[in-house]
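S.K.: Give me a model of this one.
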Amino acid sequence: MIRGEKADLRREAGQRTRDGLLAAALELLAQRGQEGLTLREVTDRAGANVAAVSYHFGSLKALCESAIERALERYLDAQILAVESLGATSTLQELAEAFARPMVRALGAGGQDLAVMRTVARVGIDPPQGWGRLAGKFDRARQDALRVLTANLPGVDEQELIFRTRCAAGMLNWLALSPIGVELAAMPTEQVERQLIPVVAGAFHGYPAVGR
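M.R.: As a prediction, this is how the structure comes out:
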């Protein structure tokens, strides 16, 4: 085997170890949070040695933050994929369906999927400084939503539309953490959509102030 092939194999093995540690950390975080989580638990779950955490992440805290960041990135990617497919004639109802789709799926799946979403929502309230690299994806999701909102609500100022989009996103995060999220998770996905989508659409539409 030539030297380049050996180097490629080492990189692939290193990436598998890194991915395994991220997956194991996220599973454990979703089950019971970061308090009391030990390095040994994570490495045992991942089938890796303790030194691998220091090598790939530097510390258990950095590993946990990276795992949650990756989960958030996947959530944003799913949201962007759903919203960017909407056309110029899409309705606020269709926007609400696309915008809420990743959360609806997590609520419908329950179990590990919902636990991961709760972990992401909880940390997202006060994100670590390193999460700034996701700013572009937050902006993209917002701009895709604004494109549909502007077409449906041409008389509303852009800053107000941005505010409504942020409120809708915050509401979805709240659902993941609140008791009502547990109630929704017990419902069939179709019922979750029937109850949730009109509320998200209402947040987008807003209500004109008296005298406007």
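
S.K.: Next, count neighbours for the residue nearest to Ser90 when sequence neighbours are not counted.
M.R.: The shortest distance from Ser90 to any non-neighbouring residue, by CB to CB, 6 or more residues apart in numbering, is to Val148 (5.2 Å). (Each C-beta comes from the backbone N, C-alpha and C, glycine too.) Neighbour count of Val148, defined by other CB atoms under 10 Å: 24.

S.K.: I'd like the distance between Val148 and Phe204.
M.R.: Between Val148 and Phe204 the distance is 9 Å, computed by CB to CB, to the nearest Å.

S.K.: Common neighbours of the two, please.
M.R.: Common contact partners of Val148 and Phe204 (CB atoms under 8 Å, 6 or more residues apart in numbering): Leu92, Leu95.

S.K.: Leu39 contacts Val50, correct?
M.R.: Yes - taking contacts as CB atoms under 8 Å, Leu39 lies within contact range of Val50: 5.8 Å.

S.K.: tell me which element Arg166 falls in.
M.R.: Using DSSP states H and E, the element containing Arg166 is helix 158-177.

S.K.: I'd like the C-alpha coordinates of that helix written as CSV, please.
M.R.: Only the C-alpha atoms of helix 158-177 are listed here, as CSV (Å, rounded to 0.1, in the frame of the first residue of the first chain):
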residue,chain,number,x,y,z
GLU,A,158,-39.5,44.1,6.1
GLN,A,159,-38.3,44.5,9.7
GLU,A,160,-41.7,43.6,10.9
LEU,A,161,-41.7,40.5,8.7
ILE,A,162,-38.3,39.5,10.1
PHE,A,163,-39.7,40.0,13.6
ARG,A,164,-42.7,37.7,12.8
THR,A,165,-40.3,35.1,11.4
ARG,A,166,-38.2,35.2,14.5
CYS,A,167,-41.4,34.9,16.6
ALA,A,168,-42.5,31.8,14.6
ALA,A,169,-39.1,30.2,15.1
GLY,A,170,-39.1,31.0,18.8
MET,A,171,-42.6,29.5,19.1
LEU,A,172,-41.4,26.2,17.5
ASN,A,173,-38.5,26.1,20.0
TRP,A,174,-40.8,26.7,22.9
LEU,A,175,-43.0,23.8,21.7
ALA,A,176,-40.1,21.4,21.9
LEU,A,177,-39.5,22.4,25.6
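
S.K.: just checking, next helix/strand downstream of that helix?
M.R.: Under the assignment DSSP H and E, the closest C-terminal helix or strand after helix 158-177 is helix 179-185.

S.K.: Rounded mean pLDDT for that following helix, please.
M.R.: Averaging pLDDT along helix 179-185 gives 84.

S.K.: can I get the CA coordinates of stretch 57-76 in CSV?
M.R.: What follows is stretch 57-76, C-alpha atoms only, in CSV (Å, rounded to 0.1, in the frame of the first residue of the first chain):
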residue,chain,number,x,y,z
PHE,A,57,-12.4,18.2,20.2
GLY,A,58,-10.1,19.2,23.1
SER,A,59,-12.6,18.6,25.9
LEU,A,60,-15.9,16.9,26.7
LYS,A,61,-17.6,20.4,26.8
ALA,A,62,-16.4,21.2,23.3
LEU,A,63,-17.6,17.8,22.1
CYS,A,64,-21.1,18.4,23.5
GLU,A,65,-21.3,21.8,22.0
SER,A,66,-20.2,20.4,18.6
ALA,A,67,-22.8,17.6,18.8
ILE,A,68,-25.6,20.1,19.5
GLU,A,69,-24.3,22.5,16.8
ARG,A,70,-24.4,19.7,14.3
ALA,A,71,-28.0,18.8,15.2
LEU,A,72,-29.0,22.4,14.9
GLU,A,73,-27.3,22.6,11.5
ARG,A,74,-29.2,19.6,10.3
TYR,A,75,-32.5,21.2,11.5
LEU,A,76,-31.6,24.4,9.6
